[in-house]
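**Q** Sequence and predicted structure, then a few things I'm wondering about:
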Amino acid sequence: MIKYHQDSIDFQSLKENNIDRIQLEMIPAGSRVLEIGCATGYMSEYLIREKGCHVIGVEPVREQAEAAIARGMAVYTGNIDDPEVQSDLDKEVTRQGPFDVLFMSQVIEHIAEPEAILQRMKDWLTPNGILVISTCNIAHWQCRFRLLAGKWEYETYGVFDRTHLRFFTINSFQKMLTRCGYDIIEFGFTFEDICPFKILFDTRILAPSDILRLIPLAGPRLRKKYTDLTKNFIATQFVFKAQAINDKIS
């Protein structure tokens, strides 16, 4: 479900229901971007090449940081909650100025104190800067059914990744952003719809969104209404675009 360790991205081949496509489209062209958790730099490379952005990366895995550096990126190696990395970013901002965009894809769930980081990151944003941040949805129907059956088993990838320290629903994540002093300005999600065949045979056939798509003329509109209404049940990953409020919260 969740992508890791990619070496490149073919944006044109990505479907509309793809979290990378959704979140990359939220980043304005020509922006100065800090990508937190840049991995091998494959999305940063796209932003630089196709959208004319200037990108600095932060990556905790040394091998992946080195791969991003080999692409020509400037990368700070370490975790974003490491005081040394934060100090390096403070110095970066002092030298080169703050960032227009903080881009954080599938990282926040790996952080023990996410609210502290969300507050700290505002120090690196321009007054009108934006945060583009995505994570996975613990309220997806597959997760609910697993819990209903009394199962909580960690895995290598996905929502139950054994390295995840925090778990979020769409609503709980939005509330956290608001508490940390961010205004939501855009939202998107990728989904895997529920259907009996998927539950019984792990094959998606005749899911509600697929059936609605087939209705002449009104199909796309009805399908969108359905997915928007059920998003906290069918969303696998979601992304918020938010703007920091200047006034500090109490």
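**A** On my side now, so go ahead.
**Q** need the contact list for Phe191.
**A** For Phe191, the contacting residues are 17, 209, 227, 231, 234-236, by Cβ atoms under 8 Å, 6 or more residues apart in numbering. Any C-beta I mention is one placed from the backbone N, CA and C, and that applies to glycine too.
**Q** Oops, could you answer that again for Ile48 instead?
**A** 54-55, 73.
**Q** Give the rounded mean pLDDT of the host helix or strand of it.
**A** Counting by DSSP states H and E, the element that carries Ile48 is helix 42-51. Averaging pLDDT along helix 42-51 gives 95.
**Q** Contacts only, for Val85.
**A** Neighbours of Val85 in contact, by Cβ under 8 Å, 6+ apart: 58, 76, 78-79.
**Q** Counting neighbours, which of those end up buried?
**A** Those of the contacts of Val85 that meet the buried threshold are 58, 76, 78-79, by 16 or more other Cβ atoms under 10 Å.
**Q** Including secondary structure, could the residues you listed go into a markdown table?
**A** Output for these, formatted as a markdown table (DSSP: H, G, I helix; E, B strand; the rest coil):
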| residue | secondary structure |
| --- | --- |
| Val58 | strand |
| Tyr76 | strand |
| Gly78 | coil |
| Asn79 | coil |
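**Q** Gly181 - how many residues pack around it?
**A** Residues lying near Gly181 (other Cβ atoms under 10 Å) number 17.
**Q** What strand or helix carries the closest residue to Ala39 other than its chain neighbours?
**A** Residue nearest to Ala39 in three dimensions, not counting chain neighbours: Gln64, with 4.9 Å by Cβ to Cβ, 6 or more residues apart in numbering. Using DSSP H and E, Gln64 sits in helix 62-70.
**Q** And the next helix or strand past the lowest-mean-pLDDT helix or strand in the chain?
**A** Lowest on mean pLDDT, DSSP states H and E among the helices and strands of the chain sits helix 196-201, with a mean of 67. Toward the C-terminus, helix 196-201 is succeeded by helix 208-213 as the next helix or strand (DSSP H and E).
**Q** wait, what's in contact with Asp88?
**A** Tyr76.
**Q** hmm, what's the outermost residue in the chain?
**A** What lies farthest from the middle of the chain is Pro216; by Cα atoms, centre = their mean that is 33.7 Å.
**Q** Are we agreed that that one is in a strand?
**A** No - using three-state DSSP, the assignment for Pro216 is coil, not a strand.
**Q** could you say which helix or strand contains the residue nearest the centre of the chain?
**A** By Cα atoms, centre = their mean, the mean C-alpha position of the chain lies nearest to Ser134, the distance being 1.9 Å. Using DSSP H and E, Ser134 maps to strand 125-136.
**Q** re earlier: widest-spaced pair of the contacts of Phe191?
**A** Ser209 and Thr236 (13.1 Å; Cβ to Cβ).
**Q** Most neighbours among the contacts of Ile48, please name it.
**A** Most surrounded of the contacts of Ile48: other Cβ under 10 Å gives Val55, at 26 neighbours.
**Q** That residue and Val33 touch, don't they?
**A** Yes - under the criterion of Cβ atoms under 8 Å, Val55 makes contact with Val33 at 4.6 Å.
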